[in-house]
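Undergrad: Quick one, structure for this:
(one chain, ligands or ions: 1)
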Amino acid sequence: MRDVILIRPPCEAFSLLIGVTEGCSWTQQTGTGCRFCGIYAGVQDFRVRPWSRIKQDLDAGFRAHGPDVRTVFLAGGNALHAPTDLICKVIEYIKKLFPKVERISCYAKNHDILQKSSQELGRIKEVGLNIVYMGLESGSGDVLRFMEKGTTPKGMVRASRKIKDHGIQLSVYVILGLGGNIFPDHAPETAKVLSDMNPDYIRFRSINFIPGSRLHEDWKAGRFEALSPLEIIEEELEIIKQLDSCVTSKILNDHVSNYTRVEGNLPEDKEYIISTLKSLASDPNLRRMKHVNRTSM
Ligand code: SF4
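TA: Numbers count the residues shown, from 1 in each chain. The predicted structure is shown next:
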């Protein structure tokens with residue numbers, strides 16, 4: 001087993017990364033984790049890192065960067081799974097070392113959010129957690145079941161409301177192509193759930209088959225087909241078009257797997273995003289492109 005795998009959102013590339021947990025609790029619980037993921041299964045066990053190790057890393061960060069650090073990412077597959085007392089202690093220490101810090105963030109699985117009481121989330125917000133990155137992946141119950149996310153669209157919406165009700169910003173990921181050509185409701189159901197959630201950020205990623213994951217085996221064996229780049233763009237277009245007019249999220253395509261970088265704020269940029277995606281969908285170069293699987297991101 002490896003010691004630490006540090007995965008962070010691209011927007012946290014310049015943040016101080018502090019491991020609070022290692023591995024993924026869902027992978028530990030199920031033995032396999034989500035069908036499309038496979039990052040941690042058999043590679044790293046889940047554990048909450050002890051305060052002494054976290055403090056050592058924070059002190060090392062202070063020695064390396066001084067007191068002016070502005071953004072800190074609490075790393076680990078699901079840092080919000082850690083006990084609330086520990087999370088608060090870590091955030092309080094971050095604020096003490098780095099008084100100018102502007103953003104403290106972490107990944108959270110919807111289970112972790114639902115398992116925290118309202119009082120706990122209130123404390124975490126109060127000490128200074130600003131934003132949570134949560135993988136919705138799909139709003140389709142069939143896709144979530146097939147991908148073994150261990151939750152339902154309703155569970156996703158409940159978790160998102162709980163985060164927002166406590167004044168913590170919410171960024172959700174959607175994986176374009178996750179329904180393949182087996183689950184045609186991936187796009188319309190995702191639009192519905194996103195409309196119910198109205199998260200602060202909607203971040204699109206495009207499907208990639210990660211070696212070691214069960215979806216990679218499905219793809220290799222021809223049981224699950226990759227959508228073409230054109231179909232990926234059409235799927236994003238369908239989702240954006242079907243979002244409710246009251247959605248006020250920021251749309252981002254800020255991942256190396258995306259075929260576009262288009263971004264904008266809803267509702268005012270909706271037409272701009274739609275016209276950009278339409279024009280991309282009619283580009284002969286994109287129409288000729290085939291799915292190329294990325295094994296490193
Ligand atoms: S996608 Fe997230 S919850 Fe699912 S196995 Fe990977 S790290 Fe765990």
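
Undergrad: What parts of the stretch 101-250 of the chain come near the ligand?
TA: K109, G135 (CB under 6 Å from any ligand atom). Any C-beta I mention is one placed from the backbone N, CA and C, and that applies to glycine too.

Undergrad: Would you map the helices across the stretch 101-250 of the chain?
TA: Applying DSSP state H, counting those that start in this stretch to the stretch 101-250 of the chain gives helices spanning 110-115, 118-127, 141-146, 153-165, 186-197, 214-220, 229-242.

Undergrad: Could you check how far the third one is from the centre of its chain?
TA: In terms of CA atoms, centre = their mean, to the nearest Å, the gap separating the centre of helix 141-146 from the centre of its chain is 17 Å.

Undergrad: got any ranges where the stretch 1-150 of the chain has weak pLDDT?
TA: Residue ranges of the stretch 1-150 of the chain with pLDDT under 70: 1-4.

Undergrad: can you map out the strands along it?
TA: 16-19, 21-22, 47-48, 71-75, 103-107, 131-137 (DSSP state E, counting those that start in this stretch).

Undergrad: Any chance of JSON lines for the ones you listed, columns mean neighbour count?
TA: Converted to JSON lines, those look like this (neighbours: other CB atoms under 10 Å):
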{"stretch": "strand 16-19", "mean neighbour count": "22"}
{"stretch": "strand 21-22", "mean neighbour count": "24"}
{"stretch": "strand 47-48", "mean neighbour count": "16"}
{"stretch": "strand 71-75", "mean neighbour count": "25"}
{"stretch": "strand 103-107", "mean neighbour count": "24"}
{"stretch": "strand 131-137", "mean neighbour count": "23"}
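
Undergrad: So the protein: which segments form each domain?
TA: According to automatic domain parsing, the chain is divided into the following domains: 1-129, 135-291.

Undergrad: if I pick A82, what's in contact with it?
TA: V20, T21, V48, G76 (CB atoms under 8 Å, 6 or more residues apart in numbering).

Undergrad: OK, contacts around the second one?
TA: It stands for T21. By CB under 8 Å, 6+ apart, the contact list for T21 reads F46, R47, V48, R49, A75, G76, G77, N78, A79, H81, A82.

Undergrad: Out of those residues, which sit inside helices?
TA: With DSSP state H as the criterion, helices contain none of the contacts of T21.

Undergrad: okay if I get those residues as TSV plus distance to the ligand?
TA: Formatted as TSV, the contacts of T21 follow (distance: CB to the nearest ligand atom, whole Å):
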residue	distance to the ligand
F46	9
R47	14
V48	15
R49	16
A75	12
G76	9
G77	4
N78	6
A79	11
H81	10
A82	15
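
Undergrad: any idea how far K89 is from G33?
TA: G33 sits at a distance of 28 Å from K89 (criterion: CB to CB, to the nearest Å).

Undergrad: More neighbours: those two, which one.
TA: G33 (25 against 16; other CB atoms under 10 Å).

Undergrad: residues in contact with stretch 25-41?
TA: 5, 7, 23-24, 45-46, 77-78, 81, 109, 111-112, 137, 146-150, 175, 178, 207, 209-216, 218.

Undergrad: and the strands of the stretch 1-150 of the chain as a markdown table, adding distance to A41?
TA: Formatted as a markdown table, the strands of the stretch 1-150 of the chain follow (distance: least, CB to CB, whole Å):
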| stretch | distance to A41 |
| --- | --- |
| strand 16-19 | 19 |
| strand 21-22 | 14 |
| strand 47-48 | 15 |
| strand 71-75 | 18 |
| strand 103-107 | 17 |
| strand 131-137 | 16 |
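
Undergrad: out of the ones you listed, which comes closest to F224?
TA: F224 sits nearest to strand 131-137 of all these, at 14.5 Å, using CB to CB.

Undergrad: Just give the closest residue to S15, not the sequence neighbours.
TA: T71 (4.0 Å; CB to CB, 6 or more residues apart in numbering).

Undergrad: That neighbour and K100 touch, don't they?
TA: No. Checked against CB atoms under 8 Å, the pair T71 and K100 is beyond contact range at 10.3 Å.

Undergrad: Quick check: which ranges of the stretch 151-297 of the chain have low pLDDT?
TA: 296-297.

Undergrad: rerun that using 80 as the cut-off
TA: Across the stretch 151-297 of the chain, residues meeting the criterion (pLDDT under 80) sit at 295-297.

Undergrad: No more questions from me, cheers.
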